[in-house]
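1. requesting a structural model of the entry that follows:
(chains A, B, C and D)
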Amino acid sequence: MDFNDTPEQAAFRGEVRAWLADNAEPRRDRPSVSRRLDAEEGLILARKWQNRKAEAGYACRHWPIEHGGQGRPMIETIIYDQEEASFDVPTGFFGIGLGMCGPIMAKYATGEQQARYLPPMIRGQEVWCQLFSEPAAGSDVAGLRTRCHRDGDDWVVNGQKVWTSGAHYSDYGILVARHDSSLPKHKGLTFFFIDMKSPGIDIKPIKQINGGSNFNEVFFTNVRVPDSQRLGAIGEGWQVAIATLMNERLAVGDAPPPDFREVMKLAASCLLDGRPALEDSAVREKIADWYVESMGMKHTKARTLTALSQGRIPGPENSIGKVVSASKLQNVSSFGADLMDMGGVVTDPSLMPASALFQQSYLYSPGLRIAGGTDEILRNIIAERVLGLPGEIRVDRDVPYSDIPTGS
Amino acid sequence: MDFNDTPEQAAFRGEVRAWLADNAEPRRDRPSVSRRLDAEEGLILARKWQNRKAEAGYACRHWPIEHGGQGRPMIETIIYDQEEASFDVPTGFFGIGLGMCGPIMAKYATGEQQARYLPPMIRGQEVWCQLFSEPAAGSDVAGLRTRCHRDGDDWVVNGQKVWTSGAHYSDYGILVARHDSSLPKHKGLTFFFIDMKSPGIDIKPIKQINGGSNFNEVFFTNVRVPDSQRLGAIGEGWQVAIATLMNERLAVGDAPPPDFREVMKLAASCLLDGRPALEDSAVREKIADWYVESMGMKHTKARTLTALSQGRIPGPENSIGKVVSASKLQNVSSFGADLMDMGGVVTDPSLMPASALFQQSYLYSPGLRIAGGTDEILRNIIAERVLGLPGEIRVDRDVPYSDIPTGS
Amino acid sequence: MNFDFSDAQKALKQQTRGFLRAACDTTVPRRVLENGDEPYAHDLWRQIGANESPGIAIPEEYGGIGFGYLELCVVAEELGRVIAPVPFSSSVYLAAEAVLLGGSEEQKQALLPKLAAGEAIGTFALSEGPGQATEANLQTTLKNGRLSGTKVPVPDGDVADFCVVVARDGNGASLAVVDLGADGVSREQVETLDPSRSNARITFDGAEAELLGESGQGWELKNRVFDRAAVLFAMEQLGGADACLEMAIGYAKGRYAFGRPIGSFQAIKHKLADMYIKNELARANCYYGAWALSTDAPELPVAAAAARVAAIQAFHFASKENIQTHGGIGFTWESDCHLYYRRAKLLALGIGSERVWKDRLVSGLQEEAA
Amino acid sequence: MNFDFSDAQKALKQQTRGFLRAACDTTVPRRVLENGDEPYAHDLWRQIGANESPGIAIPEEYGGIGFGYLELCVVAEELGRVIAPVPFSSSVYLAAEAVLLGGSEEQKQALLPKLAAGEAIGTFALSEGPGQATEANLQTTLKNGRLSGTKVPVPDGDVADFCVVVARDGNGASLAVVDLGADGVSREQVETLDPSRSNARITFDGAEAELLGESGQGWELKNRVFDRAAVLFAMEQLGGADACLEMAIGYAKGRYAFGRPIGSFQAIKHKLADMYIKNELARANCYYGAWALSTDAPELPVAAAAARVAAIQAFHFASKENIQTHGGIGFTWESDCHLYYRRAKLLALGIGSERVWKDRLVSGLQEEAA
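-> Below you'll find the model as predicted:
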């Protein structure tokens, strides 16, 4: 057990560090470049940075050479990402494409399609999004209603998707739709990739409870998709979607701050009953709880990385990450605001500790407990897939989709 | 809104107080008489006390005169109980009889049977128990396996019950058994009262995790019960059982100490980091939480009593009592032991604060979260019966009992 | 034993609920939330004034209708249920109570009738920024009848006519009344988690102010005002928590996933059962607090703290788990879930955080035991 | 990055697990629990000694096999999984570590070989009754090589051959080694929540004792011993928590209610998912603690505290919710659930409660930040 690189890994890390030092600014104690810029400017810079990385051979280094990668072990991609995290570089637009769409294209698209689409994806030239969730199909993804029917060499898509991040700036998307409502719900689905500039696609941003708009609704009206852009067989859409969601779960990042560190900083500068809040035992107990959770997740990730770096398949332990971090973020945020007592409601950054980070995340954190699988769905997954407990009684299997109760 | 008695209630309370002062010892700061005596001696004294109460007209005062009561409003029984609680009198043997069996006899038995059985029950001359739970039918009471079949004027019972408190000193019991396994589970049950001295009844105490034995297993081998002791129609057993369980839920008493009071006392006498633990903010927050829960339940009960004293039917608010108090007891116990730090594991009463009450209840409290409805079942009941949420998907309805999966 | 509201109080509750259901559906707080130029719902506030609700517990001799505090509790619960975007709490629970408890006869005569009629808005200023305000760390000073310092956030401070300010003078902490239109007062709206209730940053630069109560007794007086306000805040929180539970139940019954209503899944069922449990614990503590408030019982400090703590916990839990029950929809601006989530935090911190009230609760228990 | 045990360590784990599965099923702790005359499982302890497990991390020069602490962690986890009723933790995590850290060469030579072989049992005495022991409130004194005072509970104090005692002398707190068979020592078993591990009350009445480490440095030395022991206790707790999860899963799959396995109900599913989550968080913190212990890293105090806190929480939760998952059966003496519930509390308090370790954790973070 050690935390050191192998000599080869150490050499690679050194190389990466040097390249980053030459090409990027170190992170400083101020909002990151992605937070300083609006989305449009951010995207321009992020494309440039992604392209520079790709040219230097650091983007998706573990992808095969024919897909635009370097065919190197996964651990080198991870080492690159670890090092990049210390630099203030514009990111955040390509995660879904590289984390979910790319791998699914690599598995299901033709060689020709892979050669056409994957390299521009790696270089940030084309942005991808994912079109699964629907207003009536959130946790129950397979309950989706968006229809598609065959018309000559094309499919025609009608319906609505929701919670699509980046739809408005995406070039392509992956989509799952229902081709036959008379089949059981999991069997009537077919999977495509789709040109987001196709006629009949209408995109509307969703305003979130914190006022931001990270997601969109996407409406499809007679949108034509060539059959050649089908991924997997007709009726195999659920299997493809599930493979994609598995990639999503691996790709889920850390929750953003605040965490125990920010609480410590706040508590050191805040008085409770005339003493620094950091001396207060109730505050200390909370900090300890969050430290244990935070480090628990960090070291769990280290176990996963160890497996990856040894070429083994990681265990199921990573599945706990989001369910722990999302609630933690909400609790930390609420606690931070409480520590500021009556003043804790103010959101003006110029008046508040940590530029009102706790207040912002109080409003943002509820979304993290829902997006990418609710707390409840994730606990189901842990119980069924990791612990092997029996599934729920299902009333929506083995009956035609059109016969499943919907309450409306 | 006031906490005063009506003049009539005040007069009655005064009368009760005077009678108790003449007939009983006030409670003192030592283990109660029930705790000082073994079960056998306790029962003898409890019978005497119950009889004395009954003769003075204070036992089950709200029962009809023909059943041995006084036909007075419920509130007088409650006032009596409130006042009795300040005295150290031997109790604890008649709760199930008077709380569950009596009301069900009053509803379903013949007038003759009521005249025969209810007055001795009130006077503590005959003790009753309840025979519902089975090894394979705990939360799922209706899943019970104990069989009965008709033989002439009798029924013959075979099977096993479990968690029967007081079976070994009971004279009679109420019993639900399955008369027809080919009917759906809720429809094949029939309800009886039964002489516990009948041949073929075998009683074995259950040793609990805390070493005590408050419950029994009861085995039935060809036990004969006259059909005249059937309560309700053949096949109506589930409805009778449900009516009984409703009475049980009203009868559920408060959790025993320790509560916030005992934690405060302990914290006042205990040091943490060199200061009295009661000055420690983490300790104070816990005390406040438990105070709020404790008073919340007390005042909720006051709402129920108000309804009863006005002759109204109480709302569903009482359903929260056990689910809150059982977990609280477990948490308080664990916390109390923790406050004693390394010394907190010792159970020798002579060495420990509060005579090791926290340690005893650490071992006892898990049972409270299970007996009389688990936390999980109680939350189901609140969700379905109080909040009106839809029931679980059921696979055990409308099929013959014998076809229901049992896993064995 | 009669631990319930009277029939007349229940009738008032029904009447208030009916009025507010019509006059203040969620489009009203949403309008104020979304519209920076409307710091509170003027039309609603006018109607509440016309109903004489602000004066419900103010004695008749000061222009109120002198019903009592149980009636005020009833109104508070209903205002909380609809998260009414009006300066009721500042004006009635804080300013009027401070004047009633600490004011001279002259001050009462001058200020209470206007508050009772809803013609003037009063408020109360303690906080001086992020962090717990204590008697020791007060920066705002009162010298020779002049107030200097900055208070933030002051609820409704941008729209109030006058403010009771906690300040330090030669004798310790004192309360002072200041006309917010006077010279030496500058104020600006400050953004908070819940823009459906406006808050201000007020700077006093030698503004003329008048002592309320005795000099040096301000902290104790503030505590008494806050004890009383705590019960009323708790009633509002209870109403809000009940509204969240109701929303969550409605959604859980109507939303289907996997071919069944999501309310048939135990994860949702037990979540809502937990909400119900917390709400009932809060209700019981709130009613007891209401009794203690209405009778000015010696139990008030502990009862108020218990009501406040239980209500903070209930509304916090209900508002966040209501979003969770709604899933993605609950995270959208269009859904009403966030209106309650915001209000829950605003009310939770308004007169001091859960932590402060827990401490006050245990201190009260210690005094009772001593 | 290699945050995993080596193949050899994994093999040791499998081998230890296999051995303990055969030698220590739950009838063994149950036997000790039920039998007051058998303070620990002699046969099992003999076999563990024969396997040289007590000496696994003791250097060869002192009679151990000198593998290292990762290997000891592996053994600890497996002993915890089977809640082994033997004095391993007292003898190995506490006594041996104290001698290794604080002992003179002579003391090491005298004591360690016997501990390594399992021929002698050592223990460590800090607690003097209910309540937190601090340097300031120690009552046991060491004067002129004579020990006086009462220690309770002392784990395995009734069967140990010698004991390291924290006592006060002229220079503050010091550690002293005392032969428990010597004059002036009286001891008796004391009942605890977990009779499958025996504890004693020991009274020293001028018993002859020898300083271990420097006079006045005892508290600091005790802290260092406890930091190291914390990781090993945590590994035992992790093993116990995993065993509870496994029991609960097994029961939830096999027990039917309402015509379905109870494990198909979300209330049970989510309970067990929460158990798994806590266990994984504990595992990650424990492994990190193991690394810090094995490398004597400067991170040890914080890493050990984090492992200890996470493991206390995991075992506590798993042991109590395992009972709950079992329902009525879980509350019976015959069920094994209570063996774990008892052990969870014993280990949780053994070297100081969660609270004490949380405080140490945050103090460590403050030092790191300073």
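2. count of residues packed around the residue of the stretch 101-250 of chain A found nearest chain D?
-> In the stretch 101-250 of chain A, the residue found nearest to chain D is residue A:139; the distance is 12.4 Å by Cβ to the nearest Cβ. C-beta here means a position set from N, CA and C on the backbone, and glycine is covered the same way. The local packing of residue A:139 (other Cβ atoms under 10 Å in any protein chain shown) involves 19 other residues.
3. what of the one 5 residues further on?
-> Residue neighbour count, defined by other Cβ under 10 Å, stands at 29 for residue A:144.
4. tell me how far it lies from chain B.
-> Residue A:144 sits 22 Å away from chain B, taking Cβ to the nearest Cβ, to the nearest Å as the criterion.
5. where do the helices sit along the stretch 251-370 of chain C?
-> C:266-295, C:300-326, C:337-350, C:354-369 (DSSP state H, counting those that start in this stretch).
6. could you do chain A as well?
-> Assigned by DSSP state H, the helices in chain A fall at A:7-23, A:33-36, A:39-55, A:74-84, A:95-96, A:102-108, A:111-122, A:237-251, A:260-269, A:281-309, A:321-339, A:357-368, A:375-381.
7. okay, the ones you listed in a markdown table with mean neighbour count, distance to chain D and mean pLDDT next?
-> Converted to a markdown table, those look like this (neighbours: other Cβ atoms under 10 Å in any protein chain shown; distance: least, Cβ to the nearest Cβ, whole Å; pLDDT from 0 to 100):
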| stretch | mean neighbour count | distance to chain D | mean pLDDT |
| --- | --- | --- | --- |
| helix A:7-23 | 14 | 8 | 96 |
| helix A:33-36 | 15 | 25 | 74 |
| helix A:39-55 | 17 | 22 | 93 |
| helix A:74-84 | 19 | 8 | 90 |
| helix A:95-96 | 20 | 23 | 90 |
| helix A:102-108 | 20 | 23 | 95 |
| helix A:111-122 | 18 | 25 | 97 |
| helix A:237-251 | 18 | 15 | 77 |
| helix A:260-269 | 20 | 7 | 96 |
| helix A:281-309 | 22 | 3 | 92 |
| helix A:321-339 | 23 | 6 | 96 |
| helix A:357-368 | 24 | 16 | 96 |
| helix A:375-381 | 22 | 4 | 95 |
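8. what's the closest non-adjacent residue to residue C:63?
-> The shortest distance from residue C:63 to any residue other than its chain neighbours is 3.0 Å, reached at residue C:113 (Cβ to Cβ, 6 or more residues apart in numbering or on different chains).
9. tell me the confidence at that neighbour?
-> According to the model's per-residue confidence, residue C:113 sits at a pLDDT of 98.
10. which parts of the chain belong to which domain?
-> Unless you meant another one, I'm taking chain A. Residue ranges of the domains in chain A are recorded as A:7-93, A:129-249, A:253-370, according to automatic domain parsing.
11. look at chain C instead
-> For chain C, automatic domain parsing gives the domain ranges C:7-116, C:122-215, C:219-369.
12. chain center to the shortest one: distance?
-> Put plainly, it is domain C:122-215. Averaging C-alpha coordinates over domain C:122-215 and over its chain gives two centres that are 17 Å apart (Cα atoms, centre = their mean, to the nearest Å).
13. residues from the stretch 1-150 of chain C in reach of chain A?
-> Applying Cβ under 8 Å from any Cβ of the partner chain, we find that the stretch 1-150 of chain C lies next to chain A at C:126, C:127, C:128, C:129, C:130, C:131, C:132, C:133, C:134, C:136, C:137.
14. and the furthest pair within those?
-> Using Cβ to Cβ, the pair of the residues of the stretch 1-150 of chain C next to chain A lying farthest apart is C:130 and C:136, separated by 16.8 Å.
15. neighbour count winner among these two?
-> Residue environment comparison for residue C:130 versus residue C:136 gives the larger neighbour count to residue C:130, 27 against 12, counting by other Cβ under 10 Å.
16. list the contacts of that one.
-> Under the criterion of Cβ atoms under 8 Å, 6 or more residues apart in numbering or on different chains, the contact list for residue C:130 reads A:270, A:340, A:341, A:343, A:344, A:346, A:351, A:352, A:353.
17. how near is it to residue B:231?
-> Between residue C:130 and residue B:231 the distance is 67 Å, computed by Cβ to Cβ, to the nearest Å.
18. got it, and residue A:73?
-> 74 Å.
19. returning to what we had before: winner for burial among the domains of chain C?
-> The densest packing among the domains of chain C, expressed as mean neighbour count by mean count of other Cβ atoms under 10 Å in any protein chain shown, is seen in domain C:219-369 with a mean of 24.
20. do that one and chain A meet?
-> Yes: figure legend: domain C:219-369 in contact with chain A (Cβ under 8 Å from any Cβ); contacting residues C:254-261, C:265, C:267-268, C:316, C:320, C:323-324, C:327-335, C:337-338, C:341-342, C:345-346, C:348-356, C:359.
21. which residue of chain C lies farthest from its centroid?
-> Relative to the mean C-alpha coordinate of chain C, counting by Cα atoms, centre = their mean, the farthest residue is residue C:259 (42.3 Å).
22. shouldn't that residue be in contact with residue A:394?
-> Yes: in this structure residue C:259 lies within contact range of residue A:394 using Cβ atoms under 8 Å: 7.5 Å.
23. I'd say residue A:368 and residue A:255 touch.
-> Yes: with contact defined as Cβ under 8 Å, residue A:368 counts as touching residue A:255 (6.2 Å).
24. between these two, what contacts are shared?
-> Contact criterion Cβ under 8 Å, 6+ apart; residues shared by residue A:368 and residue A:255: A:322, A:325, A:326, A:329.
25. contact partners for the second one?
-> What that stands for is residue A:325. By Cβ under 8 Å, 6+ apart, residue A:325 lies in contact with A:254, A:255, A:293, A:297, A:368.
26. the third one too?
-> Under the criterion of Cβ under 8 Å, 6+ apart, the contact partners of residue A:326 comprise A:255, A:365, A:368, A:369, A:375.
27. which bits of the stretch 51-200 of chain C sit near chain B?
-> Contact residues of the stretch 51-200 of chain C with respect to chain B, defined by Cβ under 8 Å from any Cβ, are listed as residue C:70.
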